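In: Take a look and give me a structure for this.
(2 chains)
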Protein chains: 2
Amino acid sequence: MDKHYVSYGSCCAGSCGASKDITGCRFSLSPMSDDFIDIILSSISKVDTSKIWSKTDRLSTIYRGKRCHVIDALKACFVYSYRKDVHSTMEITLSKGCPGDTDAESHLADDDILLNESNIADIHFPVDSKIALYPMGISNYMQYIADVVNKAIDLGIYDCSSHYATILKGDVQDLFSYFSWVAKYCEERLSHYVFEITLAVNSPTAE
Amino acid sequence: MDKHYVSYGSCCAGSCGASKDITGCRFSLSPMSDDFIDIILSSISKVDTSKIWSKTDRLSTIYRGKRCHVIDALKACFVYSYRKDVHSTMEITLSKGCPGDTDAESHLADDDILLNESNIADIHFPVDSKIALYPMGISNYMQYIADVVNKAIDLGIYDCSSHYATILKGDVQDLFSYFSWVAKYCEERLSHYVFEITLAVNSPTAE
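Out: Alright, predicted model coming up:
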């Protein structure tokens, strides 16, 4: 049988494979409840995705488009998935600039007017989070990680440093403002970054 | 108020902050069931962790030690969390060589005799997985990613490439054999790698 191998040989650091300005995310919602199907599907369907490209597969949902619209949709999906009594996690990969990326499967809206923010801006609940930033293709990556962690300290959402992640705690609004800041910070300084985020609500574990 | 900023200034690519040979992982189990507390706690407590350092916090569990023992414990925890009718995910960060790492909070066993494998080697169930490898601090990282993806193709566990991840499908035994191979491959070639894995079982979504 012929094996169809991948070849990323033409990709090199510093050159994004896509010519357009595409930020993207892939996220998986895991509500720890017997009602998980309804919670996941209703959250996803409630998000206005008309300014981005979107696809849901067996493992996760992908959004691709302009940074502001991708984060607006991601925040809306997470907010809509919140249930007062349900412990739930959302695992997110937010990324831009992969040398293996292409222009396909994306949608860049003409304007920056957010479609979801007005419906979710007044909703507040506490969130536990862990983050890890991976600036790719450069040797001085630790300084960017430090900058991003120190910004969280400035904002009062930093809880502690731990192995393989930095732990944050805060209101959902403050965390997503910070994630927007991180995405902009990285976009302006790095040709390829990956920002891993896990969000958790209503953990039954004592603090 | 004094803010205590982090400083990763003394860290540089190519030098691991820890002097010992520490592989580590941080994972979060999310069983989508009203019984999630029992499933999580019983899985974690069933794992023999006497050859590694281990800690569970509000968001995840951390294992640190020799590569073989960390992966043995990780596999055992995932296998023990499996319930025939429960959709569940496990999000894993497997890593070695971070310039910010330290020797603290680790345990390197004297031998390579696995403590959990004999209890789980005959358990089989199908798993959906997504993976993403981040070789840090080097510009030619795409070639290592291609090698790791092509190994999955060789093993017959590759499903497809997607945005921000490679999708795998296979028996739990075959996936963990592959993850062991990836960790060894990376350890031998990279001073700092991060390997992100998500595992999912019993998804109700049609293939």
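
In: Would you mind finding the longest helix in chain A?
Out: In chain A, assigned by DSSP state H, the helix with the most residues is helix A:172-189.

In: and it with chain B, contact?
Out: No - residues of helix A:172-189 contacting chain B under Cβ under 8 Å from any Cβ of the partner chain: none, with a closest distance of 13.6 Å. Yep, even glycine has a C-beta here, placed from its N, CA and C like the rest.

In: now for that helix, which elements pack on it?
Out: Other elements packing on helix A:172-189 under the criterion 3 or more Cβ pairs under 8 Å, 6 or more residues apart in numbering or on different chains; DSSP states H and E are helix A:67-81, strand A:88-96, strand A:126-135, helix A:141-155, strand A:165-171, strand A:193-201.

In: which parts of the fourth one are buried?
Out: Residues of helix A:141-155 classed as buried: A:Tyr141, A:Met142, A:Tyr144, A:Ile145, A:Ala146, A:Asp147, A:Val148, A:Val149, A:Asn150, A:Lys151, A:Ala152 (neighbour count, 16 or more other Cβ atoms under 10 Å in any protein chain shown).

In: now for it, which elements pack on it?
Out: strand A:126-135, strand A:158-162, strand A:165-171, helix A:172-189.

In: Next, the angle from that helix to strand A:165-171.
Out: 20 degrees (axes from the mean of the first three to the mean of the last three Cα atoms, to 10 degrees).

In: what is the orientation angle of helix A:141-155 with strand A:158-162?
Out: Put simply, helix A:141-155 runs at 150 degrees to strand A:158-162, going by the same axes, to 10 degrees.

In: got the contact list for helix A:141-155?
Out: A:131, A:133-135, A:158, A:161, A:166, A:168, A:170, A:174, A:177-178, A:181-182, A:185-186, A:189-190, A:193, B:3-9, B:11-13, B:99-100, B:136-137 (Cβ atoms under 8 Å, 6 or more residues apart in numbering or on different chains).

In: Then the fifth one?
Out: Strand A:165-171 has contacts (Cβ under 8 Å, 6+ apart) with A:124-132, A:149, A:152, A:155-161, A:175, A:178, A:198, B:26, B:57, B:59-60, B:93.

In: Would you mind writing the CA trace of that strand as CSV?
Out: Extracted as CSV, the C-alpha positions of strand A:165-171 are listed here (Å, rounded to 0.1, in the frame of the first residue of the first chain):
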residue,chain,number,x,y,z
ALA,A,165,1.6,26.1,32.8
THR,A,166,0.8,29.4,34.5
ILE,A,167,-2.3,29.4,36.6
LEU,A,168,-4.8,32.3,36.4
LYS,A,169,-8.0,33.1,38.2
GLY,A,170,-10.5,35.8,37.5
ASP,A,171,-13.8,36.9,36.1
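
In: buried set for it?
Out: For strand A:165-171, a neighbour-count test (16+ other Cβ under 10 Å) marks A:Ala165, A:Thr166, A:Ile167, A:Leu168, A:Lys169, A:Gly170 as buried.

In: Closest one to chain B out of the residues you listed, please.
Out: Chain B has its nearest neighbour among the buried residues of strand A:165-171 in A:Ala165, at 6.1 Å by Cβ to the nearest Cβ.

In: List buried residues within the contacts of strand A:165-171.
Out: A:127-132, A:149, A:152, A:157-159, A:175, A:178, A:198, B:26, B:57, B:59-60, B:93.

In: Regarding the nearest residue to A:Arg58 once chain neighbours are set aside, what is its secondary structure?
Out: With Cβ to Cβ, 6 or more residues apart in numbering or on different chains as the criterion, A:Arg58 has its nearest non-adjacent residue at 4.6 Å, and that residue is B:Thr205. Put simply, B:Thr205 is coil when judged by DSSP: H, G, I helix; E, B strand; the rest coil.

In: The residue nearest to A:Ile157 when sequence neighbours are not counted and B:Leu190: what is the separation?
Out: Nearest in space to A:Ile157, with sequence neighbours left out and distances taken as Cβ to Cβ, 6+ apart, is A:Gly170 at 3.8 Å. Distance, A:Gly170 to B:Leu190, by Cβ to Cβ, to the nearest Å: 34 Å.
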